[in-house]
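Colleague: Pasting the sequence and the predicted coordinates here, then a few questions.
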Amino acid sequence: MCNFKEIWTPRNAATSLKASRMYEAGGSLYWLDTNVQAAAGELDSFLAEPSWEDVLTFEQAHIPAQARKADGRLYFTQTLTCYNQLQQLVPPGDGFPTNLFMMSGKIYLFAWFTAMARALASADDERLLRLHEMALTVTVRVHVEAPMDQMLTWSMHASELLRTAEAADTFVLFAKKVRKLTADLQSAGEDTADLKQVLEDRNILFNRAKANKTMVTALNVVMGMLGQRMESVLLSVDREFGSEVWTSGYNKLMRLGQLASKIVQQCGKAGADRDVIHFCLEVSLMCLRRGYLDASFFKLPTLDSKGNDRPGWIAVACTKYFLLQSILQAARTAADMGEKQEPALRRDAELMEKLCNPIEYDNVMPAEEAGDADAAEGDKSGGDLTEGDIDAMDALAADCSKGGKLLACLVRDLFQGEYEADLKTVTNVSSPWDTLQQTGEKETKLGKALKAAMAAWTSAVLSPAFQAWR
């Protein structure tokens with residue numbers, strides 16, 4: 001099939017790849033590796049599987065239902081950057097490559113295969129032919145596998161080339177590449193103290209913009225947050241609800257890291273930054289999955305705080321983490337004290353271990369209907385309780401103490417957004433747990449619920465039978 005660029009010619013490919021380590025020509029989509037994070041290629045850990053919603057949106061935008069030209073043909077309009085070892089790119093006997101690892105833009109493959117699956121399902125032979133022809137118009141820019149710092153630089157360049165096609169890296173993937181790049185440069189004895197200069201020297205862009213002070217600050221914050229736990233939950237958010245929630249830019253993640261660090265210091269819990277950040281991200285995923293929030297809620301003005309007296313969602317979520325940790329620690333302590341004489345206290349602790357973890361909570365609590373869509377923007381966090389919610393909690397806490405049952409309901413209400421306004425009053429204190437239980441004119445609904453639960457719990461711990469055992 002004829003193409004509008006040089007068709008991949010094995011001899012030309014061999015000459016170019018051996019001389020300049022790069023070759024660009026018209027190739028075949030069938031050569032491109034479809035795995036994601038399968039450790040097949042060196043850069044696989046820096047690729048992410050797109051969400052199904054993103055694939056469908058991309059298919060609609062870039063795999064047209066009908067040709068735009070009279071000849072009826074469909075075309076790939078973007079150049080896809082790939083790599084492999086030289087012997088794989090130039091097989092013996094003037095052969096063609098059989099597997100090209102991609103540096104960016106894998107969503108093209110998923111979108112094309114989705115369109116092909118639709119055509120197969122509907123037995124549309126004409127559509128199958130056009131999609132097959134389209135697969136043979138892809139332009140590939142192929143590099144011979146090189147040291148990782150060079151590969152990462154090429155990968156970031158390739159990502160920016162696809163930015164207008166909405167196939168570029170998220171900021172998390174960008175930060176992973178920058179972290180690995182700087183580590184490799186440091187190992188080679190290069191100075192990477194000035195990160196902005198490192199990026200400028202290599203013409204590395206993000207979102208079509210050169211590195212600036214804010215971007216570098218965000219990179220340092222996000223690179224400090226990166227780890228398997230955080231990447232896993234963000235990948236789930238991206239796949240299920242799209243990258244616009246957290247990772248398409250850098251301001252949201254930067255503010256998450258900064259606010260979490262501030263509240264950790266305020267509460268005197270040095271070293272808890274990653275746990276708090278991970279909790280906030282898990283809460284966001286749980287709320288999205290259960291319909292408490294939708295993706296449009298996660299805008300910077302809603303997430304960020306506007307001074308100490310106007311905390312945003314992030315500050316409230318961080319405060320929620322420390323309150324739940326206090327509840328969990330109290331449950332563990334009571335269980336250790338009363339394990340033999342008061343088995344219900346052990347069951348309280350076991351239930352709290354599940355409920356205080358957002359993902360475990362989502363697993364054990366049956367999903368309920370989404371909440372009131374007319375909730376105020378700043379307090380839009382949960383749903384109204386239904387009879388099903390109450391029945392589900394009664395079943396979960398059936399063998400718990402009275403105090404344990406009250407605390408279980410309190411945790412449920414916290415996750416469902418019943419106490420957002422009350423939580424906002426304690427985002428600037430060192431111990432939300434102690435402050436909420438203080439009596440006075442400013443006593444809150446949450447404080448009353450917490451004290452009622454603790455009073456019932458204390459009565460179990462101080463029961464005559466328990467005291468006699470002690």
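Modeller: Alright, I've got the coordinates.
Colleague: got the residue ranges for the strands in the chain?
Modeller: Remark: strands assigned in the chain by DSSP state E are 22-26, 79-84, 101-102, 139-144.
Colleague: who does the closest residue to I7 other than its chain neighbours bridge with?
Modeller: Distances taken as Cβ to Cβ, 6 or more residues apart in numbering place G26 nearest to I7, at 4.9 Å, with adjacent residues excluded. Backbone N, C-alpha and C define where each C-beta goes, glycine included. On the basis of DSSP bridges, G26 is bridged to I7, T139.
Colleague: wait, G26 sits on V138?
Modeller: Yes: with contact defined as Cβ atoms under 8 Å, G26 and V138 form a contacting pair (7.3 Å).
Colleague: who's more crowded, those two?
Modeller: Using other Cβ atoms under 10 Å as the criterion, G26 and V138 rank with V138 on top: 23 against 19.
Colleague: Looking at the strands of the chain, which is nearest to D399?
Modeller: The closest of the strands of the chain to D399 is strand 101-102. By Cβ to Cβ, the value is 52.8 Å.
Colleague: How far does that closest one sit from its chain's centre?
Modeller: Relative to the chain's own centre, strand 101-102 is displaced by 23 Å; criterion: Cα atoms, centre = their mean, to the nearest Å.
Colleague: List the neighbouring strands of that strand plus their orientation.
Modeller: As defined by DSSP bridges, the strand partners of strand 101-102 come to strand 79-84 (antiparallel).
Colleague: Name the surrounding residues that touch the partner strand.
Modeller: Under the contact criterion Cβ atoms under 8 Å, 6 or more residues apart in numbering, strand 79-84 has outside partners 24, 32, 41-43, 97, 99-105, 108, 138-146, 151, 154-155, 157-158, 161.
Colleague: quick one: low-confidence ranges for the stretch 51-200 of the chain?
Modeller: Judged by pLDDT under 70, the stretch 51-200 of the chain has its weakly predicted residues at 68-70, 163-167.
Colleague: Would you map the helices across it?
Modeller: Assigned by DSSP state H, counting those that start in this stretch, the stretch 51-200 of the chain shows helices spanning 52-62, 86-89, 107-121, 125-135, 148-161, 171-187, 195-201.
Colleague: Run through who's touching the second one.
Modeller: In other words, helix 86-89. The contact list for helix 86-89 (Cβ under 8 Å, 6+ apart) reads 13, 17-18, 23, 97-100, 142, 144-145.
Colleague: can we see that at 10 Å?
Modeller: The contact list for helix 86-89 (Cβ atoms under 10 Å, 6 or more residues apart in numbering) reads 10, 13-14, 17-18, 21, 23, 31, 82-83, 95-101, 142-145.
Colleague: ok, now the last one?
Modeller: Judged by Cβ under 10 Å, 6+ apart, the contacts made with helix 195-201 from elsewhere in the structure are 153, 156, 178, 181-182, 185, 190-192, 194, 204-206, 210-213, 215-217, 219-220, 223.
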